[in-house]
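J.: From the sequence below, what's the structure:
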Amino acid sequence: MELEWAGIPTVCIVHHELRESAGAIARISGHPDYPMITVDYPWIPTATWSEAEIAELAGALAPVVRDRLLGADQASMP
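T.: Just a heads-up that it's a prediction; the model follows:
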């Protein structure tokens, strides 16, 4: 959020299990509707992933992140 406040477009990526905590932080910061891209299982919340899993997730998220930065509204990974 601080980068957004500085005029730098950002994308928040959060695991489904941590979505409520991230949402609470956004609310406390005065941004209750802060947009987040949510990933879910099989990606575990602790992000202890193999190189192959990282590459697969990055490949899946890249178009979603691009769309978010360009203004399309997508809240979850396909």
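
J.: Find the centremost residue of the chain, please.
T.: residue 13 (1.3 Å; CA atoms, centre = their mean).

J.: wait, that residue sits on residue 61?
T.: Yes: between residue 13 and residue 61 there is a contact at 6.6 Å, judged by CB atoms under 8 Å. Where C-beta positions appear, they are placed from N, C-alpha and C, glycine not excepted.

J.: Mind naming the longest helix for the chain?
T.: helix 51-69 (DSSP state H).

J.: Please identify the buried residues of the helix or strand residue 23 falls within?
T.: Element membership for residue 23 (DSSP states H and E) is helix 19-28. Within helix 19-28, the residues that count as buried by 16 or more other CB atoms under 10 Å are 19, 22, 23, 26.

J.: what's near enough to touch the third one?
T.: Right, the one you point to is residue 23. 32, 34, 36 (CB atoms under 8 Å, 6 or more residues apart in numbering).

J.: And the pLDDT for it?
T.: As predicted, residue 23 sits at a pLDDT of 93.

J.: Report the separation between it and residue 36.
T.: Per CB to CB, to the nearest Å, residue 23 is found 8 Å from residue 36.

J.: Which neighbours do these two have in common?
T.: Joint contacts of residue 23 and residue 36 (CB under 8 Å, 6+ apart) do not exist.

J.: pLDDT on the longest helix of the chain, on average?
T.: 92.
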